[in-house]
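S.K.: Need coordinates for the following:
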Amino acid sequence: MSTKELFGGTITVTLPANLVDAADLRQVPDTQEVFMYPDSGISVIVEVLESVEAQDAQGIAKLHFESIAHDNDAEESELFEVAQLPAEGSHQTPAPIVFYGTQTARKFNSMTPDHVRFLVAVYRVPQHNVDLVLTMNVPIKTANEAVAEADQSIATNVIVKALDAGAVSEDEWESAKKTFDVAVRSLRIVDLGLFA
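M.R.: Residues are numbered from 1 along each chain as shown. Just a heads-up that it's a prediction; the model follows:
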């Protein structure tokens, strides 16, 4: 794990040291920082968004999760476990609202939908009408994919891995949740000038 400086050092967060900065590979909007795991389909996005209308934790989570589902053209979407964490550290970093959910969506005109779990933290900065959103996207292997990997030939296994779009196992999901927890608790807004 290492501390990464985001948005020119105005925000810091602790993430795995080996993550790939998506800006090195493709254009990323100025309002986002995107990092990808080099060995799976997991990605981490930190995004500066205009605050949603809701004021309570449940409403804020619901609106942000619905926005993610809309952006992904999700066929199914379910929100779980919304919690307001206590404030830690810097007075400039608000206490985050944390939640997770699942979505089923087709990527790149795929015939079969991907099953993705989302871990999300929203840091509301009311004086600037901003929601700073930390999202971890974790594609999950379905039971059929796991069985195919365990029981099939090497050739079939290669095909399954190519089709699973970097999906991860339940053990890798548990590891991703721990990484997300470290990121959420370590994120610091160093300079509110980012939102001016």
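S.K.: going forward, measure contacts between C-alpha atoms and count neighbours the same way
M.R.: Fine.
S.K.: Just give the nearest non-adjacent residue to Val82, would you?
M.R.: Phe99 (4.4 Å; C-alpha to C-alpha, 6 or more residues apart in numbering).
S.K.: what sits against the one you found?
M.R.: Phe99 sits next to Ala61, Leu79, Phe80, Glu81, Val82, Ala83, Leu119, Val120, Ala121 when contact means C-alpha atoms under 8 Å, 6 or more residues apart in numbering.
S.K.: Excluding chain neighbours, what is closest to the last one?
M.R.: Nearest residue to Ala121 in three dimensions, chain neighbours excluded: Val98, at 4.3 Å (C-alpha to C-alpha, 6+ apart).
S.K.: What average pLDDT does the strand or helix carrying the one you found get?
M.R.: For Val98, the host element (DSSP states H and E) is strand 97-105. Mean per-residue pLDDT for strand 97-105: 94.
S.K.: re earlier: tell me which residues form a beta bridge with the residue nearest to Ala121?
M.R.: Per DSSP bridges, residues listed as beta-bridge partners of Val98: Ala83, Ala121.
S.K.: residues contacting it?
M.R.: Contacts of Val98 (C-alpha under 8 Å, 6+ apart): Ala61, Glu81, Val82, Ala83, Gln84, Leu85, Leu119, Val120, Ala121, Val122.
S.K.: The last one contacts Tyr100, correct?
M.R.: No: counting by C-alpha atoms under 8 Å, Val122 stays clear of Tyr100, with 11.4 Å between them.
S.K.: quick one: which of those two has more around it?
M.R.: Neighbour comparison, Val122 and Tyr100: the larger count goes to Val122, with 28 against 20 (by other C-alpha atoms under 10 Å).
S.K.: where's stretch 59-67 relative to the chain centroid, distance-wise?
M.R.: Stretch 59-67 sits 14 Å away from the centroid of its parent chain (C-alpha atoms, centre = their mean, to the nearest Å).
S.K.: What of stretch 176-184?
M.R.: Relative to its chain's centre, stretch 176-184 lies at 10 Å (C-alpha atoms, centre = their mean).
S.K.: any idea how far the residue nearest to Ala121 lies from Val13?
M.R.: According to C-alpha to C-alpha, to the nearest Å, Val98 and Val13 sit 16 Å apart.
S.K.: Please apply the same query to Lys141.
M.R.: 28 Å.
S.K.: out of the contacts of Phe99, who's nearest Ser169?
M.R.: Distance to Ser169 across the contacts of Phe99 (C-alpha to C-alpha) is lowest for Leu119, with 15.9 Å.
S.K.: Nearest spatial neighbour of Thr135, chain-adjacent residues omitted?
M.R.: Nearest to Thr135 is Val120, by C-alpha to C-alpha, 6+ apart, at 4.5 Å.
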